[in-house]
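J.: Using only what follows, build the 3D model:
(one chain, ligands or ions: 1)
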Amino acid sequence: MLTSILVVAAIPAIAIYLYQKLYYLRFQQYAAWPQLQPSLLWGHLKAMNEFIESGVKQRHVDILFREIKEHLGNPPVYLLDVRPAQSYPIGILCNHEVAEQVSRATKALPYSMDKSPTMDFMEPLTGPSSVLTSQGEEWKALRRRFNPGFAPQHLLTLLPCILDRSWHFFEILDRYAASGEVFSLDELCINLTFDIIGAVTMDEDFRAQAGPEAQSEIVKLYRAINLSYRHIPTMANVSSTPRALARSHQAKFAELKEYSAKGGKKSRSVVSLSLQDTDELTQRILDQTCDQLKTFLFAGHDTTSILLQWAFYELSRTPRALESIRKELDEIFGTDPSPSVVRDALLAPGGEQLIQRMSYVSAVIKETLRLYPPAGTSRYHPPGSGVNVQLPDGSSLSLDGVAVYNCATIIQRDEAIYGETKDDFIPERWLGDTDTSMETNVDTKTGKIPPSAWRPFERGPRNCIGQELANLEARVILACAVRRYDFTKIGLGEIERDEKGQPILNEKGQFETASQLYNIMQITAKPVDGTRVRVQLTPESAKTL
Ligand code: HEM
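T.: The predicted structure follows:
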């Protein structure tokens, strides 16, 4: 009897305790952060849902984050309390100076802040020991091991391979130009960049562009994995495909063992670098190498293919930019627009210097990655770590316990930096500072754009190891393609025409479009419709046939 009375009496006390605890978590713990009005039970989940419902539901979270930031009056950072959906809140970093403090090395954090557990969703794809998600000394050792494979001088030796793989791409485009068929540029670009990264990582020809019959199993598996992330991945498809990948990689290692035994350790492919100094292929080494291969294969093709799609699309609706890029290429390679002319010049002695002269091409790449960064970084330190950042007003903010996200989509469209043209495709803004390398990226001559306000490859020690490869691929492919083809977007983002069937040029020098092409989240940020296009040979190219 007494026990029952005590239990009944304890209920209000427990309820009050729980209420106070929840009240603290929702309204006090992170009160220093700008944020939407939280609800006691749901934090910001309900409010976020209202934002999701107010627009196209599939849109990429970066677009949603941007809308919330504008709603909040453009603070430099803000908080989304997504507990209990996740055990920690998310901090959206919208200001380049704050983002820079998260990504740079400090005395206390020589490899910058740790990667966030929000990255765990990548594990089925990249494995537990991936260079992308590993931390501390383990990460440093991996990075050191792979750096030689991405040194600028070494990358130039890949030029013949990049050009060779690109040839299939141009052949396929020629076929589509002849048939007039509508096709997915996404599929073509993915297959192209997969073939290139296959050669770089494994010295392999995956024949991704050779059609479903001839494609390597790995290509099909990656496609399946990627699609499984389109919606919430089901355990079945996410867990089985990487296992199959692992089997496939392990078969490769057996070959490699033989290859190494013959003294073939000179290659700088990821697989060779991963196994260098290895005398015995233990299961641990096999597993670790497999994780790195999975990481490089994925990270090395997906993002670059997105860059190409958006670049072709933006050029197709910006006649001024298309004219400028073609003019630059005419000046460098002569007026014959055949890709073979560009290839021959690039492969001839001194060809590398021609790449350095492609300022406008680089500006197009830089501007495309500014508007449509395919990826970002997220970092986390648990409560009590003592990690703070300084906000632009000089105040200090604790990041402890918050998974912070450097939202490049927001940062790279900051009106305070890019002005009223923040949402417009203007490659010219980069002329005079077309260096796409994050290490050497410097202020423009006018000093207007701070280096940290352009961060598609992220910055600091955990920046993208493959950025120079991506830049090289994109420059070579654009240089060969933009004078040969005219792309026309079909469906979403299609150009509007007047009653005479002519495109309508707006005051920004771009063709008006009837709707807007946008990104969705499919691991990275990619165009929603796979970039459906039609392609034609340019009149100059048609003449050379
Ligand atoms: C346009 C193309 C690319 C973009 C926009 C891009 C973007 C990024 C970003 C934002 C990160 C940081 C991710 C994070 O902190 O979670 C990153 C890391 C990484 N990227 Fe890329 N990437 C591109 C191309 C490539 C290529 C071609 C490769 C491989 C050859 C590659 C391999 C990697 C790897 C291995 C990391 C992890 C680096 C580390 O933590 O040390 N990426 N990339």
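
J.: So which bits of the stretch 51-200 of the chain are right by the ligand?
T.: By the rule Cβ under 6 Å from any ligand atom, the part of the stretch 51-200 of the chain lying against the ligand is 131-132, 143, 197. Heads up, the C-betas are built off the backbone N, CA and C, glycines and all.

J.: how about those residues, which pair is most distant?
T.: Using Cβ to Cβ, those reach their maximum pairwise distance at 143 and 197, which is 18.0 Å.

J.: And the strands in the stretch 401-545 of the chain?
T.: 403-406, 485-489, 519-522, 524-527, 532-537 (DSSP state E, counting those that start in this stretch).

J.: got it, and the chain?
T.: 77-80, 90-93, 183-184, 377-379, 388-390, 396-398, 403-406, 485-489, 519-522, 524-527, 532-537 (DSSP state E).

J.: can the ones you listed go into a markdown table with extra columns for distance to residue 502 and mean neighbour count?
T.: Formatted as a markdown table, the strands of the chain follow (distance: least, Cβ to Cβ, whole Å; neighbours: other Cβ atoms under 10 Å):
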| stretch | distance to residue 502 | mean neighbour count |
| --- | --- | --- |
| strand 77-80 | 44 | 24 |
| strand 90-93 | 42 | 26 |
| strand 183-184 | 25 | 17 |
| strand 377-379 | 44 | 23 |
| strand 388-390 | 51 | 16 |
| strand 396-398 | 52 | 15 |
| strand 403-406 | 42 | 26 |
| strand 485-489 | 13 | 20 |
| strand 519-522 | 29 | 19 |
| strand 524-527 | 25 | 23 |
| strand 532-537 | 16 | 20 |
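
J.: Output those as a markdown table; include the columns mean pLDDT.
T.: Below are the strands of the chain laid out as a markdown table (pLDDT from 0 to 100):
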| stretch | mean pLDDT |
| --- | --- |
| strand 77-80 | 98 |
| strand 90-93 | 98 |
| strand 183-184 | 97 |
| strand 377-379 | 97 |
| strand 388-390 | 97 |
| strand 396-398 | 98 |
| strand 403-406 | 98 |
| strand 485-489 | 98 |
| strand 519-522 | 90 |
| strand 524-527 | 93 |
| strand 532-537 | 98 |
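
J.: and of those strands, who's closest to residue 201?
T.: Per Cβ to Cβ, nearest to residue 201 of these: strand 524-527, 18.0 Å.

J.: for the strands of the stretch 401-545 of the chain, which one sits closest to residue 363?
T.: Among these, strand 485-489 sits nearest to residue 363 (Cβ to Cβ), with 19.0 Å.

J.: Now do the same contact list for residue 491.
T.: By Cβ atoms under 8 Å, 6 or more residues apart in numbering, residue 491 lies in contact with 529, 532.

J.: Quick one: the helices in the stretch 1-150 of the chain, in order.
T.: 2-23, 45-53, 61-71, 96-103, 123-126, 136-146 (DSSP state H, counting those that start in this stretch).

J.: by contact count, what packs against the shortest one?
T.: Secondary structure elements in contact with helix 123-126, counted by 3 or more Cβ pairs under 8 Å, 6 or more residues apart in numbering; DSSP states H and E, are helix 235-261, helix 283-316.

J.: which of residue 143 and residue 197 has more neighbours?
T.: Legend: neighbour count by other Cβ atoms under 10 Å for residue 143 and residue 197, higher for residue 197 (28 against 16).

J.: so who does the more buried one touch?
T.: 296-297, 300-301, 304.

J.: Adding neighbour count, pLDDT and distance to residue 386, write the residues you listed out as TSV.
T.: Putting these into TSV (neighbours: other Cβ atoms under 10 Å; pLDDT from 0 to 100; distance: Cβ to Cβ, whole Å) gives the following:
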residue	neighbour count	pLDDT	distance to residue 386
296	28	90	34
297	26	88	38
300	23	89	36
301	30	89	39
304	26	97	38
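
J.: among these, which are in reach of the ligand?
T.: 296, 300, 304.

J.: For residue 516, which non-adjacent residue is spatially closest?
T.: Nearest residue to residue 516, sequence neighbours excluded (Cβ to Cβ, 6 or more residues apart in numbering): residue 493, at 6.2 Å.

J.: hang on, isn't that neighbour packed against residue 313?
T.: Yes. Assessed by Cβ atoms under 8 Å, residue 493 is found in contact with residue 313 at 6.7 Å.

J.: Can you work out which residues contact both of these two?
T.: Common contacts of residue 493 and residue 313 (Cβ under 8 Å, 6+ apart): residue 517.

J.: Contact partners for residue 325?
T.: With Cβ under 8 Å, 6+ apart, residue 325 has these contacts: 315, 360-361, 364, 427, 478, 482.

J.: How about the residue of the stretch 101-250 of the chain at minimum distance from the ligand: what's its closest non-neighbour residue?
T.: Closest to the ligand within the stretch 101-250 of the chain is residue 132: 4.3 Å, counting by Cβ to the nearest ligand atom. Leaving aside its sequence neighbours, residue 132 sits nearest to residue 295 (Cβ to Cβ, 6+ apart; 5.1 Å).

J.: Could you tell me how far that neighbour is located from residue 5?
T.: 61 Å (Cβ to Cβ, to the nearest Å).

J.: ok, the two, which is more surrounded?
T.: Legend: neighbour count by other Cβ under 10 Å for residue 295 and residue 5, higher for residue 295 (25 against 9).

J.: The more buried one contacts residue 126, doesn't it?
T.: Yes. Using Cβ under 8 Å, residue 295 is in contact with residue 126, at 4.4 Å.

J.: what touches both of these two?
T.: residue 132.

J.: one step back: the residue nearest to residue 132: what's it in contact with?
T.: By Cβ under 8 Å, 6+ apart, the residues touching residue 295 are 126-127, 130-132.

J.: Let's see that with 7 Å instead.
T.: Neighbouring residues of residue 295 by Cβ atoms under 7 Å, 6 or more residues apart in numbering: 126, 130-132.

J.: which residues of the stretch 151-300 of the chain score low on pLDDT?
T.: 228-266 (pLDDT under 70).

J.: ok now do residue 292, which residues does it touch?
T.: By Cβ under 7 Å, 6+ apart, the neighbours of residue 292 are 130-131, 142, 270, 274.

J.: Residue 68 contacts residue 52, doesn't it?
T.: No. Residue 68 is not in contact with residue 52 according to Cβ atoms under 7 Å; the separation is 10.3 Å.

J.: Can you give me the neighbour number for the closest residue to residue 415 other than its chain neighbours?
T.: Leaving aside its chain neighbours, residue 415 sits nearest to residue 422 (5.1 Å; criterion: Cβ to Cβ, 6+ apart). Using other Cβ under 10 Å, the number of residues around residue 422 comes to 15.

J.: Report the contact partners of residue 422.
T.: With Cβ under 7 Å, 6+ apart, residue 422 has these contacts: 413-415.

J.: Same list, the strands of the stretch 401-545 of the chain, but as a markdown table with distance to the ligand please.
T.: Output for the strands of the stretch 401-545 of the chain, formatted as a markdown table (distance: least, Cβ to the nearest ligand atom, whole Å):
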| stretch | distance to the ligand |
| --- | --- |
| strand 403-406 | 8 |
| strand 485-489 | 19 |
| strand 519-522 | 13 |
| strand 524-527 | 8 |
| strand 532-537 | 20 |
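
J.: With distance to residue 349 as added columns, please give these in CSV.
T.: Listed next are those as CSV, based on distance: least, Cβ to Cβ, whole Å:
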stretch, distance to residue 349
strand 403-406, 42
strand 485-489, 29
strand 519-522, 41
strand 524-527, 38
strand 532-537, 31
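
J.: Looking at the ones you listed, spot the one closest to residue 512.
T.: Here strand 485-489 is closest among the strands of the stretch 401-545 of the chain (Cβ to Cβ), at 12.4 Å.

J.: Which of the contacts of residue 422 ranks first by neighbour count?
T.: residue 413 (21 neighbours).

J.: Please name the residues that touch that residue.
T.: 422-423 are the contacts of residue 413 under Cβ under 7 Å, 6+ apart.
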